[in-house]
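> sequence and predicted structure below; questions after.
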Amino acid sequence: MKSYPRFIDPDKCTGCGQCAQVCPVTAINEFDCGLNLRAATYIQYAQAVPLAYGIDRDSCIGCGLCEKVCLAEAVSYDQRPSKAKIDVGAVVLSPGSDAFNPAKFDNYSYLKYPNVLTSLEMERILSASGPYQGHLMRPFDREEPKKIAWLQCIGSRDMNKCDHSYCSSVCCMYSIKEAVIAKEHSNVDLNCSIFYMDMRTFGKDFEKYYERAKDEGINFIRSRVHSIDEIGDTGDLSLKYVTAGGEIIDETFDMVVLSVGLEPKESAVELANNLGIELNHNNFIKTTDRDPVNTSKEGVFVCGAFQGPKDIPQSVVEASAAAAAAGEILATVRNTDTKDVELVPELNILGEPPRIGVFVCKCGTNIAGVVDVPDVTAYAATLPYVVYTTDNLYTCSQDTQEVIAKTIREENLNRIVVASCSPKTHEPMFQDTLTSCGLNKYLFEMANIRNQCSWVHANNPPLATDKSKDLVRMAVAKVGLKEPLNEISLNVKQSAMVIGGGIAGMTSALGLARQGFKTHLIEKSPQLGGQANNLFKTAKGELVQDLLADMIENVKKEENIELHLDTEVTGVEGFVGNFTSKLLTGGEESEIEHGVATVAIGGFEYQPTEYQYGNDPRIVTSLELDKKLIADDPIFKEIQTAVFIQCVGSREPDRPYCSRICCSHSVEAALEIKEKNPDANVFILNRDIRTYGEREEMYKRAREAGVLFIRYTVDQKPEVVIEDGKVIVKTFDEILGRPLEIETDLLSLATAVLPNNDVELAQFFKVAMNEDGFFVEKHAKLGPSEFATDGVFLCGLAHFPKSIDESIAQGQAAASRAVTLLAQGTVKTSGEVASINPMLCSSCGICVAVCPYSAPNFLEEGRFAGKSEINPVMCKGCGICVSSCRSGAISLKGFDNEQILAMISAA
Amino acid sequence: MSEWEPKILAFLCNWCSYGAADLAGVSRMQYPPNLRVIRIPCSGRMSPKFVLSAFMNGADGVWVSG
Amino acid sequence: MEYMGIDRDRLHFSWVSSAEASKFITVVKEVTASVKALGPATKFVKDRRQVS
């Protein structure tokens, strides 16, 4: 491992930014895609973690100013690259991807015209922290554009030059998003046009966003733009393109955005080569659908866009999956390299009057340069119950922590206020200092006089000082009312329940079991496998039945898995770490205890009522077709013609989502038919072909094999008639501009994927479903495999339609998320939780209804039966119940009415 | 004081607007110094009681931001 | 609030994400300007003085 020097010690750097202010150098800001400038001492972007500066030695002139102004003494010019060796049991590669560089080709005119931008540059322009502070402007003359065009598939789905043949998966969606946001940021009625080949909005809720964008007036034009020319020296751009109807159009835009795709990083390719890991022909890591995060080298795993082009949710799923895969091989050595923290017994301050200590930070010159710190410190000493005050150069530095601890002991302080920066970044650190000398960490409050005074009122020092005094007074008023709070710690039962024995559920169960946790796998049918029992091949051509047989065998021989077939869950009680579930197996009831639960109840195929389904054996659904393929039905040798109709039951007004997998499935099946019978005529009637990612190459192969793709629109759907024993499909071909009739021997309907819509189960775990009946995950991007309810996880079709490899990855992800909880052994509550006074509770149930985390519940027995009670383990301390409680029975520790009112009256 | 300046109490959600206030500081953006910020865990914690109390204690304006 | 005699322009609600520092500034300026335009709030403060 080689670490490159950043010339500023991130441990010492306080992120004050003095160094960047004095730096005389101007360099190009790469993060803003070169649209503005930065100094040589810089921070890549304002939210960077750690918030520490670095020096770009390539542009640094070595003047030494930054070292002079750095009061934290963090600058050291003589840092050298350092090498380190670490022993690890597994490696995860997540180097990400690069954006395609359109400068390589002059046909995109990217370098020629300043108003031709990449989508990444557009992101920065739209960003509030970007080069134009979120004002929509074009680079050429800083004018507000009135008309913007997005060109899709730049560097993707194209083999003309050295572009990429695959689809980059993410560009359709981000372009729609950019167009919507651009319209929001614009002061005029902005005209946005997106030029595309197929609109690929296949993700969860993406199709709805696409429909919304159409309603908001964004133009979607199905055409590949032929040329971009600048009109004189106006900066305006003329686009020539041909419409689907064959009309040639010349249209003028103020700005053109190239929707560039993803490609593997050169440095990542080099790394993979050095490690001896196989790449595929696109230079992505070679993986299988069976083990989507395993590389060719044992113990090395991959996740994210280096595995193949993908969006954030799928990258997050794979990241967790890679962690699970690594965890499986490391399960036996878990916690062998960790250290236990020594606990100091807590002081009892009950009944003592407050003795408040106030520490005012100068933050070098960051605060002291504007705010009169000695004045604020002296003022603090006059406040009630304040017995000690001081100021520090850097209150957050390590030596100051020792001073604070010493002072707490010597002065018998029992409440601490630090007036410095943001509690969001520094509160935990100061709380550790309190804990280290036995003071409860909740007896602490911060006044944010840096971010809210000195930095933002730099030109008005007297007012900034006054405001600092106010903030200190408010903090002192609050801290005086603070009480020590307990963090309850509860044991987590070291076992799991997985509901659903399909691909996702079995993968999840195996992941949990292999990491050493007893797992109950519940399947309501008599056999494992779920929908995979009906599937023929994966997108990479692997036989699903072989994969499934191996997986079932692994489940059956796994000692940690207890299999419950023919079993339904009839009741769930408890909460994270302590669930008790009732099972019903063939009329017999049983009960199991488990610490976590995974919902993998899958989905099923829509049974069509349209296209004459059920009236002729030659008309089948996708799964029925796969059954024929699995059985190697002889009809494939005989058929002359096969027709596929896409979007059967999907992307309709009453079922507005795209089922994601049907395009790839039909293309794959069409190829299979062509292979068995090269002379057969195969047609795929579609609205868009959504073979995202590297599946696009399958689409290309199908076109090369002679499969015909005919587009239809939702207002003019194909018709199927059965006449004289013949199945005839009628449709309108928009390219030929006339109706078509196809007599077919086989009609496959690409039917929608429906969720199992188990409302009862959703109520058992108090988890939400969306209007389509799919479960709602904790966070659409960052928490795709877990619920907002702690201890309950999600994977497979129950989350959203997905392919086998994606179900496997999410099964692993759900296991990984569950193991992070199980492996801790205990769950610790925050002290800042809500609690109910049962004497005041009127049992109205508002708190039970409003809580997003299902923490309140009615007590069933005891003295206060019927009253509501809040489970501190599940409470996140948001306080919504407190303000909703009409009886005033709920209080939120740490943010109680009295404490907030004290701040208000002190303000 | 040359001109009357109002006192405004701001109730900011810890996860949203409080973060924005922090970031505004990091970015050294300048704004009028009339705000006194009270951090709340979530805008759901907000109660009409706090608004009334603020006005009773002499605030000239209240801003609640999630 | 209006029932209580508090001017609508004294109480503001908004939603700002933690990354939207510039929106934060915009709203701060708007809120300050609108409250400033109304002049000092006297409603409750005066009431209380009368009581005491």
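Cool, the structure landed.
> look up phi and psi at the residue located most distally from the centre of chain A.
The C-alpha centroid of chain A is most remote from A:Asp724, which lies 54.1 Å away (Cα atoms, centre = their mean). Dihedral angles phi and psi of A:Asp724 (degrees, to the nearest 10) take the values phi 50, psi 40.
> same thing with B:Phe11?
Phi and psi for B:Phe11, reported as degrees, to the nearest 10, are phi -100, psi 110.
> wait, it sits on B:Met46?
Yes - using Cβ atoms under 8 Å, B:Phe11 is in contact with B:Met46, at 5.7 Å. To be clear about C-beta, it is placed using only N, CA and C from the backbone, and glycine gets the same treatment.
> shared neighbours of the two, which are they?
Common contacts of B:Phe11 and B:Met46, defined by Cβ atoms under 8 Å, 6 or more residues apart in numbering or on different chains, comprise B:40, B:64.
> with neighbour numbers in mind, choose between the two.
Neighbours were counted for B:Phe11 and for B:Met46 using other Cβ atoms under 10 Å in any protein chain shown; B:Phe11 has more, 26 against 22.
> leaving out chain neighbours, which residue sits closest to the more buried one?
B:Val64 (4.8 Å; Cβ to Cβ, 6 or more residues apart in numbering or on different chains).
> which single residue in the stretch 501-650 of chain A comes nearest to chain B?
The stretch 501-650 of chain A approaches chain B most closely through A:Val576 (19.8 Å), counting by Cβ to the nearest Cβ.
> that residue touches A:Lys828, doesn't it?
No - in this structure, A:Val576 is not within contact of A:Lys828 by Cβ under 8 Å, at 11.3 Å.
> what residue is smack in the middle of chain C?
By Cα atoms, centre = their mean, chain C has its centre lying nearest to C:Arg10, at 3.0 Å.
> does that one touch B:Ala54 like I think?
No - using Cβ under 8 Å, C:Arg10 is not in contact with B:Ala54; the gap is 9.6 Å.
> so what sits against both of those two?
With Cβ under 8 Å, 6+ apart, C:Arg10 and B:Ala54 have common neighbours B:Val62.
> can you list phi and psi of residue 8 for me?
Because you didn't say which chain, this covers chain A. phi -130, psi 130.
> hmm, no, I was thinking of chain B.
Torsion angles, degrees, to the nearest 10, at B:Ile8: phi -120, psi 130.
> what's across from it in the sheet?
Judged by DSSP bridges, the bridge partners of B:Ile8 are B:Leu35, B:Gly61.
> let me know the helix or strand that A:Val344 is in.
Following DSSP states H and E, there is no helix or strand that holds A:Val344.
> for it, what are phi and psi?
phi -100, psi 130.
> partner residues bridging A:Ile710?
Residues in beta-bridge contact with A:Ile710 (DSSP bridges): A:Leu685.
> for the chain, where's the lowest mean pLDDT among helices and strands?
Let's take chain A. strand A:2-3 (a mean of 84; mean pLDDT, DSSP states H and E).
> could you do chain C instead?
That would be, for chain C by mean pLDDT, DSSP H and E, helix C:43-51 at a mean of 52.
> tell me which element the closest residue to chain B within the stretch 1-150 of chain A falls in.
Nearest residue of the stretch 1-150 of chain A to chain B: A:Ala46, at 5.1 Å (Cβ to the nearest Cβ). For A:Ala46, there is no helix or strand it lies in under DSSP H and E.
> against A:Gly773, how distant is it?
Note on A:Ala46: its distance to A:Gly773, by Cβ to Cβ, to the nearest Å, is 40 Å.
> same deal with A:Glu734?
33 Å.
> try A:Ser59
For A:Ser59, the distance to A:Gly773 equals 55 Å [Cβ to Cβ].
> for whichever residue of chain C sits closest to chain A, list the residues it contacts.
Distances between chain C and chain A by Cβ to the nearest Cβ are smallest at C:Ser22, namely 4.4 Å. Residues near C:Ser22 by Cβ under 8 Å, 6+ apart: A:128-129, A:133-134, B:24, B:29.
> same thing but at 10 Å, please
Taking Cβ atoms under 10 Å, 6 or more residues apart in numbering or on different chains, we find C:Ser22 in contact with A:127-130, A:133-135, B:20, B:23-24, B:27, B:29, C:16.
> where are the low-confidence patches of the chain?
No chain specified, so I'll use chain A. Scanning chain A for pLDDT under 70 picks out A:161-162.
> the chain in question should be chain C.
C:1-2, C:43-52.
> closest point of it to chain B, which residue?
C:Ser18 (2.7 Å).
> what's the helix or strand for the closest residue to that residue other than its chain neighbours?
Excluding the flanking residues, the one nearest C:Ser18 by Cβ to Cβ, 6+ apart is B:Gly19, at 2.7 Å. According to DSSP H and E, B:Gly19 maps onto helix B:17-26.
> give me the mean pLDDT for that helix.
The pLDDT scores in helix B:17-26 average 89.
> quick one: buried residues of it?
Within helix B:17-26, the residues scored as buried using 16 or more other Cβ atoms under 10 Å in any protein chain shown are B:17-26.
> what sits against residue 28?
Answering for chain A, as no chain was given. By Cβ under 10 Å, 6+ apart, the contact list for A:Ile28 reads A:34-38, A:56, A:59.
> hm, I was asking about chain C
For C:Val28, the contacting residues are A:456, B:8, B:10, B:17, B:20-21, B:24, B:29, B:31-35, B:63, B:65, C:12, C:14, C:16, by Cβ under 10 Å, 6+ apart.
> and A:Arg655, by the same measure?
A:207, A:606, A:647, A:649, A:752, A:754, A:772-773.
> from chain C, how far off is A:Tyr699?
Computed with Cβ to the nearest Cβ, to the nearest Å, the distance linking A:Tyr699 and chain C is 37 Å.
> for the closest residue to that residue other than its chain neighbours, what are its contacts?
Among residues not flanking A:Tyr699 along the chain, A:Thr691 sits closest, at 4.1 Å (Cβ to Cβ, 6+ apart). Going by Cβ under 10 Å, 6+ apart, A:Thr691 touches A:157, A:166-167, A:198, A:200, A:202, A:539, A:663-668, A:697-700, A:702.
> now B:Ala10
Applying Cβ under 10 Å, 6+ apart, the residues near B:Ala10 are A:452, A:907, B:17-18, B:21, B:34-39, B:54, B:59, B:61-65, C:12, C:27-28, C:31.
> just A:Tyr45 next, same as before
A:29, A:31-32, A:124, A:127, A:129-130 are the contacts of A:Tyr45 under Cβ under 10 Å, 6+ apart.
> ok, the residues you listed vs chain C, which is closest?
Nearest member of the contacts of A:Tyr45 to chain C, counting by Cβ to the nearest Cβ, is A:Ser129, at 6.5 Å.
> neighbours of the closest residue to that closest one other than its chain neighbours, how many?
Nearest residue to A:Ser129, sequence neighbours excluded (Cβ to Cβ, 6+ apart): A:Ala46, at 5.5 Å. Neighbour count for A:Ala46, taken as other Cβ under 10 Å: 17.
> equivalent analysis for B:Arg28, please.
B:Arg28 has 12 neighbours, counted by other Cβ under 10 Å.
> A:Val370 is in contact with that one, correct?
No - contact criterion Cβ atoms under 10 Å: B:Arg28 and A:Val370 do not qualify, at 11.0 Å.
> and the closest residue in space to A:Ala597 that isn't next to it in sequence, what element?
Of all residues not flanking A:Ala597 in the chain, A:Met497 sits nearest, at 4.7 Å (Cβ to Cβ, 6+ apart). Taking DSSP H and E as the definition, A:Met497 sits inside strand A:495-499.
> with B:Ala54 instead?
helix B:48-56.
> and that helix, what does it pack onto?
Where contact means 3 or more Cβ pairs under 10 Å, 6 or more residues apart in numbering or on different chains; DSSP states H and E, helix B:48-56 is packed against helix A:880-884, helix A:897-906, strand B:8-13, strand B:35-40, strand B:61-65, strand C:11-14, helix C:43-51.
> having no further points to raise, I will conclude here.
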